[in-house]
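predicted model and sequence below, questions to follow.
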Amino acid sequence: MRRITLLLVGMLALFSTTAQRKNFTYKFYGFVRGDLFYNSRANMAPIDGNFYLYPLDKSFDADGKDLNATPNGSFYTFTSRLGLDVTGPDIGKARSSAKIETDFGGFSGSNTMLRIRQAYVNLDWGKSAVLVGITWHPLFGAVMPDVLNLSTGAPFQPFNRSPQIRYRYTSGKGLQLTGAVLWQLQYLSAGPNGKSEEYIKNSCIPEVYVSADYKVDGLIAGVGMEVLSLKPRQQTTVDDRVYKVNERVTSLSFEAHAKYMTQDWVIAGKTLLASNLTQACMLGGYAVTSVDPRTGEQEYTPYRHSMTWLNIVYGKKWKPGIFVGYLKNLGTGKTIAGPTYGVGLEVDQVFTTNLQLSYNLPHWKLGVEYSPSLAWYGDMNAENGKIENTHSVTNHRVLGVLIYMF
C-alpha cells in the first residue's frame with residue numbers, strides 16, 4: 001500500500017511539473033464522505049447496501065417466517081472521491097480540456113478498490129463540442145435529483161457512466177442538440193450469463209442516444225431517445241450438439257425532463273418509457289418469445305417500464321427537500337415462451353419518497369434522509385409479461401451523511 005501511495009504522489013508531482021511547463025491549468029477536487037444507514041428489511045442494494053434501489057419480496061422459511069424481514073445497517077466511507085480537471089492548450093480554434101476522477105467504490109464486486117469514475121478529453125469550439133472517454137450517460141443528463149442517497153434517484157432515474165463519443169451543438173437561442181454512441185464497462189446489460197459486457201461487445205453496434213434541450217433563464221427542458229441492440233448468445237447446445245446462432249434483441253427508450261432553478265428553489269422531474277435499461281441501474285430486461293427446436297436459437301422481446309420522478313429542494317444553508325419516484329412494469333406485449341433475463345422482472349410497481357434535510361457550509365454538508373419505499377410483487381402473466389395478483393412489501397430507510405468537500 002505504501003508503494004502504491006508513493007507511486008501516486010510521484011505521478012501527481014510529475015504531472016504538476018509538466019502542466020506548469022506546458023502552460024496547462026489544473027485543479028484537484030473531491031470529497032471525503034461517510035454514509036450511515038439503517039433499513040427495516042432486506043433490499044436490492046448493491047455496493048454493500050449503499051446503492052439503495054427497492055425492497056426485496058417476502059421469502060419464507062420452513063416455519064413461515066419472512067427471511068427478508070430482517071433489519072440491516074452499516075457505515076462506509078469508500079465513496080470518497082478524488083478528481084482532476086485540466087484545461088489547455090488550445091488546438092486550433094478548439095479549447096481542450098480533460099477530466100480524470102476516481103473513488104474507492106470498487107469494480108467486479110470489490111468495494112474497497114480504486115476505480116475510474118470518469119476519464120475523458122473534450123474539444124470545445126464554442127457552439128459545438130466533442131467528448132471522448134468515460135463519463136455520465138446522457139440519460140443521466142443535466143436533470144438529476146438532488147438527494148442524499150448515493151443512488152441519486154435510481155431505479156427511477158438512470159444511473160450510468162460509460163465509454164462514449166459524444167457531440168453537442170449549442171445555438172445562440174438556447175437550443176442544445178446531443179448525439180452519442182456508447183459502450184459498456186462497469187454498468188452492464190443483463191442476459192443469459194448474468195450482467196456482462198459480452199452482449200454489446202458481440203453486437204458490434206454501440207448504444208445510440210440523441211436529444212434536444214432548451215435552456216433559458218434557469219429553465220432546462222428537453223427530450224431524448226435511446227437505442228440498444230444486444231446479442232445475447234452466439235452458440236447453443238442441443239442434444240450434445242453445438243450450433244452457431246444469430247440472436248439479437250433491440251430496444252428503444254424515450255425520456256422527457258425539465259428543471260427550473262431560482263436563487264432558493266430547485267424543481268426538477270423526469271419521465272421515461274424505458275426498454276431494457278438494466279445497464280442504467282433500472283428495472284428491465286427481455287424475454288424469449290420462440291425457440292427453434294433443432295438449433296435452440298431464440299427470439300426475444302424487451303420488457304417496457306414507465307419511470308417518473310419529481311424532486312423539490314429549497315434553500316442554501318438549510319436545505320429541506322422531497323423526492324417522489326414511481327415505476328410500473330408494462331410487460332412485453334408479446335407471449336413469453338421461454339426464460340426471462342433482467343433485473344426486477346417479478347416487480348409490478350415501486351413507489352419511493354425521500355424526505356431530506358441538510359445543513360450546508362463552505363466545504364461541509366451534514367444531512368439526514370428518511371425513505372419509505374414500497375414494492376409490489378406477484379405472478380407473471382406469460383401472455384404479456386405483466387405482473388398480477390400483487391402484494392406489497394415496505395422498507396423504511398434512514399440515512400445520515402457527512403461530507404467534507406475540497
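On my side now, so go ahead. This one's a predicted model, so the numbers in the text were calculated from it and none came from an experiment. Residues are numbered from 1 along each chain as shown.

tell me, what residue is most central in the chain?
residue 159 (1.4 Å; CA atoms, centre = their mean).

is it part of a helix or strand, or is it coil?
Using DSSP: H, G, I helix; E, B strand; the rest coil, the three-state assignment for residue 159 comes out as coil.

list the residues that contact the residue nearest to it when sequence neighbours are not counted.
Excluding the flanking residues, the one nearest residue 159 by CB to CB, 6 or more residues apart in numbering is residue 281, at 4.2 Å. Backbone N, C-alpha and C define where each C-beta goes, glycine included. Counting by CB atoms under 8 Å, 6 or more residues apart in numbering, residue 281 touches 51, 53, 151, 154-155, 158-160, 187.

below-threshold pLDDT in the stretch 51-200 of the chain: ranges please.
The stretch 51-200 of the chain contains residues with pLDDT under 70 at 106-112.

what about the helices in it?
Along the stretch 51-200 of the chain, counting by DSSP state H, counting those that start in this stretch, helices occupy 198-203.

now do the strands in it.
Counting by DSSP state E, counting those that start in this stretch, the stretch 51-200 of the chain has strands at residues 54-55, 72-76, 81-87, 95-103, 115-124, 128-136, 161-170, 175-182.

is it true that residue 333 touches residue 385?
Yes. Applying CB atoms under 8 Å as the test, residue 333 and residue 385 come out as touching, 7.4 Å apart.

next, the buried residues of the top strand by length along the chain.
The strand spanning the most residues in the chain, taking DSSP state E as the definition, is strand 387-405. Residues 387, 393, 395, 397, 399, 401, 403 are the ones in strand 387-405 that count as buried (16 or more other CB atoms under 10 Å).

SS state for the closest residue to the fourth one other than its chain neighbours?
Put plainly, it is residue 397. Leaving aside its sequence neighbours, residue 397 sits nearest to residue 371 (CB to CB, 6+ apart; 4.3 Å). Following three-state DSSP, residue 371 is assigned to strand.

how many residues are close by residue 371?
Residues lying near residue 371 (other CB atoms under 10 Å) number 23.

please compute how far stretch 68-75 lies from its chain's middle.
23 Å (CA atoms, centre = their mean, to the nearest Å).

do the same with stretch 395-406
19 Å.

chain center to stretch 29-39: distance?
Distance, centroid of stretch 29-39 to centroid of chain: 18 Å (CA atoms, centre = their mean).

check stretch 296-305 too.
In terms of CA atoms, centre = their mean, the centre of stretch 296-305 is found 23 Å from the chain centre.

how about stretch 144-152?
Relative to its chain's centre, stretch 144-152 lies at 11 Å (CA atoms, centre = their mean).

just stretch 367-386 next, same as before
Chain-centre distance of stretch 367-386: 18 Å, with CA atoms, centre = their mean.

need the pLDDT of the closest residue to residue 368 other than its chain neighbours.
Distance criterion CB to CB, 6+ apart; nearest residue to residue 368, sequence neighbours excluded, is residue 400 at 5.2 Å. If you check residue 400, the pLDDT there is 98.

next one: residue 3
pLDDT for residue 3: 49.

ditto for residue 6
With respect to pLDDT, residue 6 has a value of 49.

and for residue 205?
98.

burial count for the closest residue in space to residue 170 that isn't next to it in sequence?
Excluding the flanking residues, the one nearest residue 170 by CB to CB, 6+ apart is residue 176, at 4.8 Å. By the measure other CB under 10 Å, the count of residues near residue 176 is 17.

please name the bridge partners of residue 176.
Applying DSSP bridges to residue 176 gives these bridge partners: residue 170, residue 213.

from residue 262, how far off is it?
Distance, residue 176 to residue 262, by CB to CB, to the nearest Å: 21 Å.

mind exporting the C-alpha coordinates of stretch 263-275 to CSV?
C-alpha atoms of stretch 263-275 as CSV (Å, rounded to 0.1, in the frame of the first residue of the first chain):
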residue,chain,number,x,y,z
GLN,A,263,-32.0,31.6,-6.1
ASP,A,264,-33.6,29.4,-3.5
TRP,A,265,-35.7,26.8,-5.3
VAL,A,266,-34.9,23.8,-7.5
ILE,A,267,-37.8,21.9,-9.1
ALA,A,268,-36.9,19.0,-11.4
GLY,A,269,-38.6,16.0,-12.9
LYS,A,270,-38.1,13.3,-15.5
THR,A,271,-40.3,10.6,-17.1
LEU,A,272,-39.1,7.6,-19.1
LEU,A,273,-40.7,4.9,-21.3
ALA,A,274,-37.7,2.5,-20.7
SER,A,275,-36.9,-0.7,-22.5
